[in-house]
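# My questions concern the predicted model and sequence given below.
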2 protein chains.
Amino acid sequence: MYYSQKARLAIYAEGEFGKGRSKTAEGVIRYAKNPVVAVIDSTEAGRTVEDVMGVPCQAPIVASIAEALSYKPDALLLGTAWTGGQMPSDWKPDIITAIKSGLDVINGLHDFLSDDPDIARCAELHQRALLDVRRPPAVLPVASGKAASVPAMTVLTVGSDCSVGKMTAALELAAAARKAGHTAKFVATGQTGIMICGEGIAIDRVIGDFMAGAIEQMVLESGFNNDFVFIEGQGSLVHPGFSGVTLALVHGACPEAMILCHKCTKTRIGEMPFSIPPLAELVTMYEYMAESVRPSKVLGVALNTSGMTDKAAVQAIAAAEEETGLPATDPVRYGAGKLFEAIVKEGRLDRAAL
Amino acid sequence: MYYSQKARLAIYAEGEFGKGRSKTAEGVIRYAKNPVVAVIDSTEAGRTVEDVMGVPCQAPIVASIAEALSYKPDALLLGTAWTGGQMPSDWKPDIITAIKSGLDVINGLHDFLSDDPDIARCAELHQRALLDVRRPPAVLPVASGKAASVPAMTVLTVGSDCSVGKMTAALELAAAARKAGHTAKFVATGQTGIMICGEGIAIDRVIGDFMAGAIEQMVLESGFNNDFVFIEGQGSLVHPGFSGVTLALVHGACPEAMILCHKCTKTRIGEMPFSIPPLAELVTMYEYMAESVRPSKVLGVALNTSGMTDKAAVQAIAAAEEETGLPATDPVRYGAGKLFEAIVKEGRLDRAAL
């Protein structure tokens, strides 16, 4: 564990909470065991997390680090991120204030706090921890397809684009497996996933040659003592910037099965002039690319229907099932039970005993 | 230019010269403008480079750094590498000796010399340069498909595996284009290519999120003032460890055309239990994966027939042409003219004026 899951968190999302770039904040609020005691965003101050996100969390949104301190946080968690993952320069005074106020700082950006001399010196002086969760291990292997050898049923969530629900689907599937009485591991491959479960490697921060090796190592570590391993996917095979990370995950994890994730309201890759291919074509592409290392089937579709009415969500799910011939659902709205059942049903025959 | 192309090189290949792991040494000897004055390998001392490699290079193979000094090198170039790219610990005393003897050191491994405190201190004391050619730029973009916009005809070499001749094919194609009166740029994406042409970015050393962005940036830099840009490929879409790097190159470079490279004597990926798919299937796979960002065609096959008789090489070339329906040749044995002609012939119509 990189950090105690009992630590009380104040989440920094200045100017961004609930506005599309606070995926990290929202993921931690929804899934981390840590109590979230306050969110810092002066543009939403006075409301609660529930007001903005619609989840049962009464933590207040406050205007400053100073205000957050009255809720007795142990750490400041930087809760916004965007493509490229650099740190805006105007965060620095707030981070320094937090450290001087006695808080550790949890950071998921590509820019590491401990590489900033001012922040590092301040943390040392005040004996506070800087947790750069995206920093990869110093030594990693080159992958060789070994992850296919684990006895656990391994499932990778794959996607039509970034930010469509791959982490959420993997977390919900792990919860569904545990609910059904199995042992299940969620393998975090991105900053938010690591903050939620307290361990993992941010694959997109790993050097190219070792990306697949990093995920292979994590699957080997968890695949011998769990019934199911759900691996958080990243990016998309059709994303111009991140497709390499995605293929490294497919070939490094050697999943026995995949779940395709898609956000229904998205039609383009990022904000670029590239259309998201039809779901059935994405199923074909992921299975085709997996095959040379370990044949794997897409066994279901996890749809993110956020922002849609219940009626529209039900229609979108029916349309995805019709198009792909696979079971589909929104695991947040309706739970991941349907997808988990498909995984159990279609898994290897020697898994019948599970 | 990271280093003068007039500098005299002594190449360090202790115990490995010509034995399968000295790809870097051999690439530099074959293609770099720098004079190679000696190769250090005590197990081959007394012979010449020509004796071992069969190329017209009379540089002697010597047993030690001390012996190499009499040939007045300016720099020691570390000429061996293997999967993973770590530096063996027994190289360190030789590197220290070279620096103390007044040599700069050129290094293409994942391990950087300037990160080793002893080596760094020694280089500072003796005012020698440590050139870690694999160190990527500090800031790189996330790719967005922009490389498709350059006016140059862009060609990426892609492969069935690592070490099959992708760099060589790109270098020979650039030479063929220049011979035909065009301006042509070779874009180096690996350590040996960078050592040969004096610039480039080792894509496999770049952090996952920025791999495609790094190649996009290089294509944008060279694609507006050259008729042709030949981009050195890396790895293979079917390599469990490196496929992510390969797909990042395909989607970052957005090549107009691809040349498939294969070493005829190889049947498995690396030394792993994965078969290399048939060439025709690899053509289909590369074109299929390119399509979502920029449709691209494989226009020819570059075969590496090293170690084969002339008769066997001719037969292998004919078989590849029969299987793929594409022109094939060994660009080292027979020149790249045939492949370059196919590229010109099948290029975009608006390129007719070239």
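Nice, I can see it.

# what are the ranges of the helices in the stretch 201-350 of chain A?
Taking DSSP state H, counting those that start in this stretch, the helices of the stretch 201-350 of chain A run over residues A:211-222, A:243-253, A:279-291, A:310-324, A:331-334, A:337-346.

# In the fourth one, which residues are buried?
If I follow you right, that is helix A:310-324. Neighbour-count burial for helix A:310-324, counted by 16 or more other CB atoms under 10 Å in any protein chain shown, picks out A:313-314, A:316-317, A:320-321, A:324. (Glycine included, C-beta is placed from N, CA and C.)

# Same list (those) but as a markdown table, adding pLDDT and distance to residue A:207.
Formatted as a markdown table, these follow (pLDDT from 0 to 100; distance: CB to CB, whole Å):
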| residue | pLDDT | distance to residue A:207 |
| --- | --- | --- |
| A:313 | 98 | 40 |
| A:314 | 98 | 44 |
| A:316 | 98 | 39 |
| A:317 | 98 | 39 |
| A:320 | 98 | 36 |
| A:321 | 98 | 40 |
| A:324 | 98 | 35 |
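
# nearest to residue A:345, of those?
Of all those, residue A:321 has the smallest distance to residue A:345: 15.2 Å, by CB to CB.

# Tell me how far that closest one lies from residue A:342.
Distance, residue A:321 to residue A:342, by CB to CB, to the nearest Å: 11 Å.

# Find the residues that touch each one of these two.
Common contacts of residue A:321 and residue A:342 (CB atoms under 8 Å, 6 or more residues apart in numbering or on different chains): residue A:327.

# domains of chain A?
By the assignment in automatic domain parsing, chain A contains the domains A:9-132, A:146-351.

# can you tell which of those is closest to chain B?
Checking the domains of chain A against chain B by CB to the nearest CB gives domain A:146-351 as the closest, at 3.0 Å.

# Is that closest one positioned near chain B?
Yes: counting by CB under 8 Å from any CB of the partner chain, chain B has neighbours in domain A:146-351: A:203-209, A:211-213, A:237-249, A:251-252, A:254, A:270, A:272-274, A:277, A:285, A:288-289, A:292-293.

# which of those residues count as buried?
Here, 16+ other CB under 10 Å leaves A:203-209, A:211-213, A:237-249, A:251-252, A:254, A:270, A:272, A:274, A:277, A:285, A:289, A:292-293 buried among these.

# tell me, what residue is most central in chain A?
Among the residues of chain A, the one closest to the centroid is residue A:167, at 3.6 Å (CA atoms, centre = their mean).

# And the pLDDT at the residue lying farthest from the centre of chain A?
The C-alpha centroid of chain A is most remote from residue A:125, which lies 32.9 Å away (CA atoms, centre = their mean). Per-residue pLDDT puts residue A:125 at 97.

# which residues touch the residue nearest to the centre of chain A?
So residue A:167 contacts A:27, A:157, A:188, A:190, A:192-193, A:196, A:232 (CB under 8 Å, 6+ apart).

# Pretty sure residue A:105 sits against residue A:126.
No: contact criterion CB atoms under 8 Å: residue A:105 and residue A:126 do not qualify, at 10.8 Å.

# who has more neighbours, the two?
residue A:105 (24 against 15; other CB atoms under 10 Å in any protein chain shown).

# mind checking which helix or strand the residue nearest to the centre of chain A is in?
Residue A:167 belongs to helix A:166-179 when assigned by DSSP states H and E.

# Taking helix A:337-346 as reference, get the angle to that helix.
Per axes from the mean of the first three to the mean of the last three CA atoms, to 10 degrees, the angle that helix A:166-179 makes with helix A:337-346 is 70 degrees.

# Kindly export stretch A:275-284 (C-alpha atoms) in PDB.
Taking Å, rounded to 0.1, in the frame of the first residue of the first chain, the C-alpha atoms of stretch A:275-284 are listed here in PDB:
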ATOM      1  CA  SER A 275     -14.800   8.900 -35.400                       C
ATOM      2  CA  ILE A 276     -15.200   6.200 -32.800                       C
ATOM      3  CA  PRO A 277     -15.700   3.000 -34.900                       C
ATOM      4  CA  PRO A 278     -18.900   1.000 -34.400                       C
ATOM      5  CA  LEU A 279     -18.800  -1.200 -31.200                       C
ATOM      6  CA  ALA A 280     -18.900  -4.400 -33.300                       C
ATOM      7  CA  GLU A 281     -15.800  -3.300 -35.200                       C
ATOM      8  CA  LEU A 282     -14.000  -2.500 -31.900                       C
ATOM      9  CA  VAL A 283     -14.800  -6.100 -30.700                       C
ATOM     10  CA  THR A 284     -13.300  -7.500 -33.800                       C
END
